[in-house]
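Undergrad: Here is a sequence with its predicted model. Questions after.
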Amino acid sequence: MLNQRIKGLYGITPDKDLNIDLIENAIKKHDINILQYRRKAVNIKNKEEEAKKLLNLCLEYNTLFIVNDDVNLCEKVGAHGVHLGQGDIGAKSARERLGDRFIIGVTCHDSLELAIEAEQSGADYIALGAIFKSKNKPRAIHCSLSKVEEIKKYISIPIVGIGGINLENQHAVYQSGCRSVAMIDGLFMN
């Protein structure tokens, strides 16, 4: 199953013009296992071009390539999967559309109910956080490490910790039960 590859470092691209060299260097230096393309303010043509470049890079380094929020783009470029927020298409609808070939991740903030629902709807992993204070999403819901431990007891799919995680504090996040830790600044702003 593809979700067995959900582990280790999960890089999320900065939401600015694509710097392929920066991303490639981070993948090599930190052995990034998963890369999520997260780009909000760019037209669809540019988004597609950037996604294709990143997919090729990920294929070269055996890194999973996940598209944020956009099932259409995921399908169109042949990404490994899609990550869905609570305001996006639901995991069940995405699974019906994408079938079993694609990974589906779902943001669950700090909610046991959302985590259970995501797993029952066909998600391959969930993301919990913000674990720590995050510069990228300063108003994000906080999810304590003890809350991660509690949610882990009720689900069997992998948990990705997100929010304010860096190379110094990642160990505590893994210890709480996360199989993967997501970073933006911790990987791409150094």
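TA: The structure has been received and is ready for your questions.

Undergrad: Can you show me the strands along this structure?
TA: 8-12, 34-37, 64-68, 81-84, 103-109, 125-128, 159-161, 180-183 (DSSP state E).

Undergrad: In TSV, list these along with mean neighbour count and mean pLDDT.
TA: In this view, the C-beta of every residue, glycine as well, is placed from N, C-alpha and C. Output for these, formatted as TSV (neighbours: other Cβ atoms under 10 Å; pLDDT from 0 to 100):
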stretch	mean neighbour count	mean pLDDT
strand 8-12	23	97
strand 34-37	26	98
strand 64-68	23	98
strand 81-84	26	98
strand 103-109	25	98
strand 125-128	27	98
strand 159-161	26	98
strand 180-183	24	98
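
Undergrad: closest one to Ile44 among these?
TA: When those are compared by Cβ to Cβ, strand 64-68 sits nearest Ile44, at 12.2 Å.

Undergrad: Against which helices or strands is the least confident helix or strand in the chain by mean pLDDT packed?
TA: The helix or strand of the chain with the lowest confidence, counting by mean pLDDT, DSSP states H and E, is helix 185-188 at a mean of 90. Helix 185-188 is packed against strand 8-12, helix 20-30, with contacts defined by 3 or more Cβ pairs under 8 Å, 6 or more residues apart in numbering; DSSP states H and E.

Undergrad: For stretch 91-109, C-alpha coordinates in PDB please.
TA: Taking Å, rounded to 0.1, in the frame of the first residue of the first chain, the C-alpha atoms of stretch 91-109 are listed here in PDB:
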ATOM      1  CA  ALA A  91     -12.000  12.100   1.200                       C
ATOM      2  CA  LYS A  92     -14.800   9.800   0.200                       C
ATOM      3  CA  SER A  93     -15.600  11.800  -3.000                       C
ATOM      4  CA  ALA A  94     -11.900  12.100  -3.800                       C
ATOM      5  CA  ARG A  95     -11.500   8.300  -3.300                       C
ATOM      6  CA  GLU A  96     -14.400   7.600  -5.600                       C
ATOM      7  CA  ARG A  97     -12.900   9.800  -8.200                       C
ATOM      8  CA  LEU A  98      -9.200   8.800  -7.900                       C
ATOM      9  CA  GLY A  99      -9.600   5.200  -7.100                       C
ATOM     10  CA  ASP A 100      -6.900   3.300  -5.200                       C
ATOM     11  CA  ARG A 101      -3.900   4.500  -7.300                       C
ATOM     12  CA  PHE A 102      -3.600   7.800  -5.500                       C
ATOM     13  CA  ILE A 103      -2.700   8.700  -1.900                       C
ATOM     14  CA  ILE A 104      -5.300  10.900  -0.100                       C
ATOM     15  CA  GLY A 105      -4.300  12.900   3.000                       C
ATOM     16  CA  VAL A 106      -6.700  14.900   5.100                       C
ATOM     17  CA  THR A 107      -6.100  17.800   7.500                       C
ATOM     18  CA  CYS A 108      -7.800  17.000  10.800                       C
ATOM     19  CA  HIS A 109      -6.400  19.900  13.000                       C
END
